[in-house]
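A structural model of the following input is requested.
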Amino acid sequence: MQTVIEKGGIALAGLATSLATAGLVTLVHMWTGFNLFSFSVLVIVPAGAGACGFVAASGYYLAAKFLHQRPTNALFMQMVVIAAFTQALIYWLEYKTASVNGVSVANFISFSQYLDIMMTKIHMRVGRGAGIDTGEVGSFGYWLALFDFIGFLIGGGFVYFLLKSAPSCEGCKKYLRSALKKKDSFTDIEEFAPYYDNVYIHPVDSPEFGAHVGREFSAGKAQKGTINLTTTVFECPQCFGQSVKEDVQIFNGKEWKDISELKRFMEMPRGVDVRPAFR
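Have a look, this model is predicted:
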């Protein structure tokens, strides 16, 4: 029964942030004339819809983390349904707030007629400063609406992915919390490898382990080949079991690149607190 209530709470939280997003998009459009939801890049990339989808789905994320509910296929289907509802609500709010010479559009055309006009009669502007008017989009407007819906889903899907990939305790079914984070930087692979390869050669509750991981490494200003290591100690809020995650990045001279092959997530023995070692 409790699980059903919690899942209902997550759905309501997602619905609440979706409604808030629809209202915000409408207000911004009314005040500025800028339609955030329909904003696109290169005509068909629904950047605005994607951002709206991410914000709308934030309620799912916050509620799921707070209630410690892992995402399910049922949750994903809820997100799809509410995404469709939210897009329809955005259009409906635009319809109810649109006016011509101070007269509400809703007084003389139906919602379906408004949608048809809005999707087919709008003009697309492209180029620098959006200075080129390509004319009415015609039936292509329905495709643009579909692209917006897909963008909205992608934004929400990113939130779903964050929940899916968040570390959790398998026994307690609780999301892990970050208990400690340590950042080290190494001048090159020759300095990094001896540290990284020997982290777990000693028992994690031994003085040797603490002496090895407790050292601090700082390479100073990043140069080509500089390696960053971020170590995060996670802890279960119920059983207090710990896990250690290590993320590795290398600087190629222009930007930092993740080295996914060296990423690792190690579960610590029960009853062992490794936080003092990493401090």
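
quick one: low-confidence ranges for this protein?
Low-confidence segments of the chain (pLDDT under 70): 1-7, 42-44, 121-141.

residue boundaries of the strands in it?
Applying DSSP state E to the chain gives strands spanning 99-100, 103-104, 123-126, 132-136, 168-169, 174-175, 177-186, 227-235, 242-251, 256-258, 264-267.

With distance to residue 47 as extra columns, can I get those in a markdown table?
C-beta here means a position set from N, CA and C on the backbone, and glycine is covered the same way. Output for the strands of the chain, formatted as a markdown table (distance: least, Cβ to Cβ, whole Å):
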| stretch | distance to residue 47 |
| --- | --- |
| strand 99-100 | 28 |
| strand 103-104 | 30 |
| strand 123-126 | 14 |
| strand 132-136 | 19 |
| strand 168-169 | 32 |
| strand 174-175 | 30 |
| strand 177-186 | 30 |
| strand 227-235 | 29 |
| strand 242-251 | 26 |
| strand 256-258 | 24 |
| strand 264-267 | 33 |
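
mind checking which of these is nearest residue 35?
Among these, strand 123-126 comes nearest to residue 35, with 12.4 Å by Cβ to Cβ.

Mind putting the strands of the chain into TSV with mean neighbour count?
TSV is the format used below for those (neighbours: other Cβ atoms under 10 Å):
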stretch	mean neighbour count
strand 99-100	10
strand 103-104	10
strand 123-126	12
strand 132-136	10
strand 168-169	18
strand 174-175	18
strand 177-186	16
strand 227-235	20
strand 242-251	19
strand 256-258	12
strand 264-267	13
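
who wins for proximity to residue 19 among those strands?
strand 103-104 (21.9 Å).

Residue 46 reaches residue 40, doesn't it?
Yes - assessed by Cβ atoms under 8 Å, residue 46 is found in contact with residue 40 at 5.4 Å.

what sits in contact with each of the two?
147, 148 (Cβ atoms under 8 Å, 6 or more residues apart in numbering).

okay, these two: which has more neighbours?
residue 46 (27 against 18; other Cβ atoms under 10 Å).

and the gap between the residue lying closest to the more buried one once chain neighbours are set aside and residue 35?
Take residue 46 and drop its neighbours on the chain: the residue closest to it by Cβ to Cβ, 6 or more residues apart in numbering is residue 151, 2.8 Å away. Going from residue 151 to residue 35 by Cβ to Cβ, to the nearest Å gives 13 Å.

which neighbours do the two share?
With Cβ under 8 Å, 6+ apart as the test, residue 151 and residue 35 both reach residue 48.

So these two - more neighbours on which side?
residue 151 (25 against 15).

tell me the contacts of that one?
Contacts of residue 151 by Cβ under 8 Å, 6+ apart are 45, 46, 47, 48, 49, 50, 53.

For it, give its distance to residue 256.
27 Å.

Repeat that for residue 217.
Distance from residue 217 to residue 256, by Cβ to Cβ: 16 Å.

tally of neighbours for residue 278?
17.

So it sits against residue 213, correct?
Yes - using Cβ under 8 Å, residue 278 is in contact with residue 213, at 5.5 Å.

Can you pull the residues that touch both of the two?
Shared contacts of residue 278 and residue 213, counting by Cβ under 8 Å, 6+ apart, come down to 182, 231.

Could you give the number of residues near residue 146?
Residue 146: 11 neighbours (other Cβ under 10 Å).

same thing with residue 208?
Residue 208, neighbours per other Cβ under 10 Å, totals 12.

In contact with it, which residues?
residue 202.

hmm, who's touching stretch 214-229?
By Cβ under 8 Å, 6+ apart, stretch 214-229 touches 183-189, 191-192, 195-196, 246-253, 256, 277-279.

any idea how far the longest helix along the chain is from the chain center?
Identified as the longest helix of the chain according to DSSP state H is helix 2-32. Remark: helix 2-32 is offset 16 Å from the chain centroid, using Cα atoms, centre = their mean, to the nearest Å.

Minimum distance to residue 10: which of the strands of the chain has it?
strand 174-175 (13.0 Å).
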